[in-house]
Structures are given as C-alpha cells and as structure tokens.
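Colleague: have a look at this fold, sequence not included:
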C-alpha cells in the first residue's frame with residue numbers, strides 16, 4: 001500500500017541539524033494520519049506522498065517549514081520573586097491566566113540573583129533541520145481515526161507541527 005490521504009503511516013525518524021548533529025531518533029516507529037491533518041510537518045507529508053514501506057526520505061526543513069523563526073517577543077525577563085521558590089534552568093511554566101501570556105509554555109533559560117529569563121519559543125525554532133525517515137508501514141485509516149483527525153495510537157513526538 002502507498003501513502004495517500006486517509007492512510008496511517010508508521011515511520012522511523014531521525015532529526016538532525018543541518019550539520020548532521022543528531023537531535024532525536026525515535027526508538028519506536030511513530031504514526032500519523034496522512035492527508036493534511038497537521039500531525040506532521042507539511043513538507044514531510046508532501047515528500048512522503050506516494051511512498052511505500054521500506055522507502056526512505058530525507059529533506060531539509062527551513063525554520064518556516066518546521067518550528068518557525070525565533071521570536072524575540074516570546075522572551076521574558078521577570079523578577080525572581082514573582083516565580084515559585086523551587087526553580088531550575090530547563091523547568092517549564094505556563095503563562096499566567098488572564099494575560100497575553102495565557103496559553104504559552106515558557107522554559108526557564110537563565111536564573112540570575114533577582115531576574116529569571118523565560119522563553120516561550122520552541123527549542124528548535126529558528127533552526128534549519130534535516131528530517132530523515134523510513135516508512136515502516138502504511139495501512140488504511142479507520143473511520144474513527146479519520147473522524148478524530150489522528151491515528152489512534154499516534155505519539156506526540158517530534159513530527160507533530162506546533163500551532
């Protein structure tokens with residue numbers, strides 16, 4: 001079976017920077033529902049159209065094709081006193097409800113004496129990436145999967161495009 005709209009595709013994936021430094025490799029095949037459902041980068045989905053099991057694809061994703069450009073407006077420097085006592089670099093915090101930051105997820109990127117740097121950009125934003133994958137399998141999607149817009153056993157992994 002070939003990859004076409006309303007098929008569930010299983011992939012082994014490697015994501016690297018453009019210099020070949022590995023960022024992530026899936027340990028288990030990941031699945032997505034093919035056909036414009038937003039479960040995978042659009043450029044990857046287009047490159048996979050018409051492929052079958054055991055075929056491999058490697059494409060370069062520019063920032064706009066992956067996690068977007070880095071946005072300085074998503075960076076915050078806040079007083080240390082406004083944040084929880086237990087705080088470490090790498091922790092993730094939700095934007096405060098009722099503010100412009102509501103719905104954003106911030107990563108603590110730096111802690112100084114009285115200031116904390118928070119960044120709501122995806123860690124891979126602004127980066128060109130190399131996406132390499134091998135098709136492990138292709139099957140018809142169930143009516144439930146089509147209605148829900150995603151594979152029943154999809155994993156939220158690196159292939160999912162962010163809003």
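Modeller: Arrived safely, thanks for sending. Fair warning: this is a prediction, and the values are worked out from it, not measured in the lab.
Colleague: contacts and neighbour counts: CA atoms only from here.
Modeller: Fine.
Colleague: any chance you could map the helices in this protein?
Modeller: Secondary structure of the chain, counting by DSSP state H: helices at 42-48, 143-148.
Colleague: could you pull out the buried residues of stretch 29-48?
Modeller: 29-35, 37-42, 44-45, 48 (16 or more other CA atoms under 10 Å).
Colleague: ugh, wrong one, stretch 12-22
Modeller: Neighbour-count burial for stretch 12-22, counted by 16+ other CA under 10 Å, picks out 12, 13, 14, 15, 16, 17.
Colleague: and residue 67, how far from residue 129?
Modeller: Note on residue 67: its distance to residue 129, by CA to CA, to the nearest Å, is 10 Å.
Colleague: domain map for the chain?
Modeller: Split into domains by automatic domain parsing, the chain comes to 7-67+124-148, 72-119.
Colleague: would you turn the buried residues of stretch 12-22 into TSV with distance to residue 76?
Modeller: Shown next, in TSV, are the buried residues of stretch 12-22 (distance: CA to CA, whole Å):
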residue	distance to residue 76
12	36
13	33
14	32
15	28
16	28
17	26
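Colleague: can you give me the strands in this structure?
Modeller: Counting by DSSP state E, the chain has strands at residues 7-17, 22-25, 30-34, 56-61, 75-79, 92-94, 105-111, 115-119, 129-140.
Colleague: tell me which of these lies nearest to residue 1.
Modeller: The minimum distance between residue 1 and the strands of the chain falls on strand 129-140, with 6.2 Å, by CA to CA.
Colleague: for that closest one, the distance to its chain's centre please.
Modeller: For strand 129-140, the separation from the chain centroid amounts to 15 Å (computed by CA atoms, centre = their mean, to the nearest Å).
Colleague: so which elements touch it?
Modeller: Here strand 129-140 touches strand 7-17, strand 56-61, going by 3 or more CA pairs under 8 Å, 6 or more residues apart in numbering; DSSP states H and E.
Colleague: for residue 133, name its beta-bridge partners.
Modeller: residue 13, residue 57 (DSSP bridges).
Colleague: please name the residues that touch it.
Modeller: For residue 133, the contact set (CA atoms under 8 Å, 6 or more residues apart in numbering) comprises 11, 12, 13, 14, 56, 57, 58.
Colleague: and it, how far from residue 12?
Modeller: 5 Å.
Colleague: residue 63 against residue 123, yeah?
Modeller: No. In terms of CA atoms under 8 Å, residue 63 does not count as a neighbour of residue 123; the distance is 11.7 Å.
Colleague: the more surrounded of the two?
Modeller: Neighbour count, other CA atoms under 10 Å: between residue 63 and residue 123, residue 63 has more, with 16 against 11.
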